[in-house]
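K.L.:
no sequence for this one, just the structure:
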């Protein structure tokens, strides 16, 4: 861990809540390994104060950037000055770089990290059928975009907000005309990949966000929720012998794209830090 001093730069991790976040123990050892004199610090901000938070972050001259978790990824999209093409297409931001002139540049790395985590488990979405719950949220939109970019053949979008789901489907069809994008999960579609990108599962009383009876026997079941790491959905999917992917798997895969966005990626050091993290 970096020793805090008057020259230490901060990456503020904002959300509501933040007790579930796992990225500080992933990113902080890496930042210490490259002597970046930068630390990630979680801050919980009430919904009515998110605008004031971004004004405050801009005023902090030692703020290197902002990491954004639920429910503020769309608010972050509106708060930044510039966006990567990926973030602009998705309509959400989960990582912000502060420029030397004080400007905020936002990116959205959830989706590419999700697909990278799949690859680390030996899975590929190319040519497959996927169903995505929570498709209209920030993480859901990012995962939908990344799955289409990775070559999924069919993507069924599931969300309680029909209007936002329809708009997301329109954007995806325009950007990825070779992908069959469906609004809702039709009867007869047995997916190869089932993803929960909603907050369902953070509380023990939450119902399962996906109907596991409708999955193919070899279907990979993935969740973005990080606390608990093994959500009720994943516990039940594992009991049924489905391959699973946790939210923390996606968090681990965020390190490289987020550090690249900051200009702090050092691959040999990152590999060493990753090995150290696994041993720990």
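P.N.:
Done, it's in. Computed from a predicted model, the values in this text were never measured in an experiment. Numbers count the residues shown, from 1 in each chain.

K.L.:
the stretch 51-200 of the chain: helices as residue ranges?
P.N.:
73-79, 85-90, 110-120, 138-149, 162-175 (DSSP state H, counting those that start in this stretch).

K.L.:
can you list those helices in JSON lines and add mean pLDDT and mean neighbour count?
P.N.:
Where C-beta positions appear, they are placed from N, C-alpha and C, glycine not excepted. Written out in JSON lines, the entries for the helices of the stretch 51-200 of the chain read as follows (pLDDT from 0 to 100; neighbours: other C-beta atoms under 10 Å):
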{"stretch": "helix 73-79", "mean pLDDT": "96", "mean neighbour count": "20"}
{"stretch": "helix 85-90", "mean pLDDT": "96", "mean neighbour count": "19"}
{"stretch": "helix 110-120", "mean pLDDT": "98", "mean neighbour count": "22"}
{"stretch": "helix 138-149", "mean pLDDT": "97", "mean neighbour count": "26"}
{"stretch": "helix 162-175", "mean pLDDT": "97", "mean neighbour count": "16"}
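
K.L.:
quick one: closest of those to residue 219.
P.N.:
Distances from residue 219 to each of the helices of the stretch 51-200 of the chain were compared using C-beta to C-beta; the minimum, 12.7 Å, belongs to helix 110-120.

K.L.:
can you list the low-confidence ranges for the stretch 1-150 of the chain?
P.N.:
Segments of the stretch 1-150 of the chain classed as low confidence (criterion: pLDDT under 70) are 1.

K.L.:
oh sorry, the question was meant for the stretch 151-280 of the chain
P.N.:
Scanning the stretch 151-280 of the chain for pLDDT under 70 picks out 270-280.

K.L.:
from the chain's centre, how far out does stretch 32-46 sit?
P.N.:
Relative to its chain's centre, stretch 32-46 lies at 18 Å (C-alpha atoms, centre = their mean, to the nearest Å).
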